[in-house]
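**Student:** build me a model from this:
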Amino acid sequence: MSDKENLFEKLDDILMGMFKYSVILGDLGEYVQIIIDLRKNGYSGKSYVFDPKEIQYLRNIKIYKSCSKKIYVSKYNNKNNVYYFLYNDKIEEVRKNFKKIKKIARNIEMTAIDVYKMLLNLNILNPSKKYSKLSIYFSRDTSNYKEILKEIKKRGIFGKPVSGEVKSKDKSKNQPSKDKSKDQPKDQPVYVYMATGRDLSHPKGYTFSFWVCIRK
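**Tutor:** Numbers count the residues shown, from 1 in each chain. You can find the predicted model right below:
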């Protein structure tokens with residue numbers, strides 16, 4: 001297997017992991033995100049779910065914290081191989097399934113780190129740059145899990161650099177004006193991998209993306 005084939009196989013694993021993670025969370029898992037902050041001696045992770053009834057605008061990695069719930073926080077130190085995991089026990093679905101969530105989350109995080117290292121080794125990412133964050137997003141538009149699985153098996157994954165800056169705009173006309181300088185993200189997306197349908201558009205039943213960010 002070539003390095004690039006291995007890369008896409010690992011992205012497949014992340015996609016399937018996000019699907020399982022979404023299903024375990026039930027109705028809460030319609031919109032899920034895992035963010036990995038890259039550190040010198042490992043990483044720290046956190047995961048959110050979003051309420052579809054309250055969400056106003058979600059584009060790329062920009063999120064509205066007011067309509068999100070934190071599922072867990074994690075930390076991995078590669079010097080002593082210690083993994084720290086703290087889940088939100090106030091959410092019943094999380095409290096009942098925290099062992100499964102921890103196992104799936106750690107697999108996703110470790111595979112995402114493997115993908116990041118492969119991107120550096122393949123020179124898809126510039127090794128001289130300082131990358132700060134990985135962001136993994138998954139959403140499903142239907143509760144028919146079998147249909148989503150069929151789509152996942154048929155889909156393709158492709159990667160592309162992000163052209164220009166990714167900016168988020170509030171679509172609500174009633175919102176007061178804000179200082180644009182404060183809205184600028186500290187971490188700038190520079191590369192994205194996305195799952196697509198056969199016609200290179202988003203699948204009908206789900207959306208998946210894997211972002212690599214750089215410190216501005």
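**Student:** and the strands in this protein?
**Tutor:** Residue ranges of the strands in the chain, as given by DSSP state E, are 31-39, 42-50, 68-77, 82-87, 131-140, 156-161, 187-196, 206-215.
**Student:** comparing those by mean pLDDT, which bottoms out?
**Tutor:** Taking each of the strands of the chain in turn, the lowest mean pLDDT turns up on strand 156-161, with a mean of 85.
**Student:** partners of that strand in the sheet?
**Tutor:** strand 187-196 (antiparallel) (DSSP bridges).
**Student:** okay, the strands of the chain in JSON lines with distance to L11 and mean neighbour count next?
**Tutor:** Where C-beta positions appear, they are placed from N, C-alpha and C, glycine not excepted. JSON lines is the format used below for the strands of the chain (distance: least, C-beta to C-beta, whole Å; neighbours: other C-beta atoms under 10 Å):
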{"stretch": "strand 31-39", "distance to L11": "14", "mean neighbour count": "20"}
{"stretch": "strand 42-50", "distance to L11": "18", "mean neighbour count": "21"}
{"stretch": "strand 68-77", "distance to L11": "20", "mean neighbour count": "18"}
{"stretch": "strand 82-87", "distance to L11": "22", "mean neighbour count": "14"}
{"stretch": "strand 131-140", "distance to L11": "10", "mean neighbour count": "22"}
{"stretch": "strand 156-161", "distance to L11": "5", "mean neighbour count": "13"}
{"stretch": "strand 187-196", "distance to L11": "6", "mean neighbour count": "19"}
{"stretch": "strand 206-215", "distance to L11": "6", "mean neighbour count": "21"}
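**Student:** which helix in this protein runs the most residues?
**Tutor:** helix 98-121 (DSSP state H).
**Student:** tell me the buried residues in that helix?
**Tutor:** 98, 101-102, 104-109, 111-113, 115-116, 118-120 (16 or more other C-beta atoms under 10 Å).
**Student:** next, the angle strand 131-140 makes with it.
**Tutor:** 130 degrees (axes from the mean of the first three to the mean of the last three C-alpha atoms, to 10 degrees).
**Student:** M118: what's it in contact with?
**Tutor:** Going by C-beta atoms under 8 Å, 6 or more residues apart in numbering, M118 touches 3, 6-7, 10.
**Student:** in CSV, list the strands of the chain along with distance to I14.
**Tutor:** What follows is these, written out as CSV (distance: least, C-beta to C-beta, whole Å):
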stretch, distance to I14
strand 31-39, 9
strand 42-50, 13
strand 68-77, 16
strand 82-87, 18
strand 131-140, 6
strand 156-161, 9
strand 187-196, 9
strand 206-215, 6
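**Student:** any idea which of the ones you listed gets closest to K150?
**Tutor:** Nearest to K150 among these is strand 206-215; the distance by C-beta to C-beta comes to 10.9 Å.
**Student:** any idea of the angle the closest one forms with strand 131-140?
**Tutor:** 170 degrees.
**Student:** elements contacting strand 206-215?
**Tutor:** Contacts defined by 3 or more C-beta pairs under 8 Å, 6 or more residues apart in numbering; DSSP states H and E place strand 206-215 against helix 3-24, helix 98-121, strand 131-140, helix 145-154, strand 187-196.
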